[in-house]
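# return atomic coordinates for the entry below.
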Amino acid sequence: MRGQASIELIVVLAVALVVLAAMVFSGNEQLRGLRASSELAKANIAATSLSSAADSVSSQGVGSREIIRIDLPESLSASGSFIKGKLVNIAVYTGDTVSDVNSKSAASLSGSLPKSGGVHLMRIESRQGFVEISEVG
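Numbering: from 1, shown residues only. All right, here's what the predicted structure looks like:
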C-alpha cells in the first residue's frame, strides 16, 4: 500500500511539474512579445517625433531650430538605423529578426541617430534646402 501511494504521489508531482513548465514557457513567450511591441512603439514615437520636428522647423525657415527629447529602444540596431532623404528609419531587434520602423518627413533630411538606446536630446535645425538632425552634446 505504501509503495502504491508513493508512486501515485510521484506521478501527481510529475504531472504538476509538466503543467507548471508549460505555463512558465507560455508566460515567457508572452512577455517576449510584449517587450518587442513596447520596443517597436518606442521606435515609432521617436521616428515620428523627429520627422514632425523636422517638418516644423522646415516650415519656419532657414535657421530655425528645435531641441527634442527622444527615447530610443534598448534593442536598437544602430547599423540599421538611419536618416536619409526624407526618411527617419529606426531598426529594432525583435527576437531573431530586425524590424524597421520609419517616418517620412516633408523636408529633405540630413544627419544621424544615436548609436545606443535610451533618452537622447536631439537638435533639429533648418538649413538651406534641408533639415539637419543631430544629437546635442
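# show me what contacts Ala106?
Listed by C-beta atoms under 8 Å, 6 or more residues apart in numbering, the contact partners of Ala106 are 55, 58, 86. For the C-beta atoms, the positions are set from N, CA and C on the backbone; glycine is no exception.
# where does it land on pLDDT?
Looking at Ala106, its pLDDT is 97.
# before we move on, what about Met1?
61.
# let's number from 59 now, not from 1
Renumbered: residue one is now 59, and that last one reads Met59.
# the lowest-mean-pLDDT helix or strand in the chain: what's the following helix or strand?
Every helix and strand of the chain was ranked by mean pLDDT, DSSP states H and E. The lowest is helix 60-118, at a mean of 86. Under the assignment DSSP states H and E, the closest C-terminal helix or strand after helix 60-118 is strand 123-130.
# need the residues that contact that following strand.
Contacts of strand 123-130 (C-beta under 8 Å, 6+ apart): 100-101, 103-104, 107-108, 111, 114-115, 148, 171-172, 174-184, 194.
# are any of those residues buried, and which?
100-101, 103-104, 107-108, 111, 114-115, 148, 171-172, 175, 178, 180-184 (16 or more other C-beta atoms under 10 Å).
# pretty sure Glu190 sits against Gly169.
Yes: Glu190 lies in contact with Gly169 (C-beta atoms under 8 Å); the separation is 5.1 Å.
# relative to the longest strand along the chain, what are the paired strands and their orientations?
Scanning the chain for the strand with the most residues, using DSSP state E, yields strand 155-169. Applying DSSP bridges, strand 155-169 is found paired with strand 140-152 (antiparallel), strand 188-193 (parallel).
# any chance of the ones you listed in CSV, with mean pLDDT and distance to Val70 too?
Below are the strands paired with strand 155-169 laid out as CSV (pLDDT from 0 to 100; distance: least, C-beta to C-beta, whole Å):
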stretch, mean pLDDT, distance to Val70
strand 140-152, 96, 39
strand 188-193, 98, 59
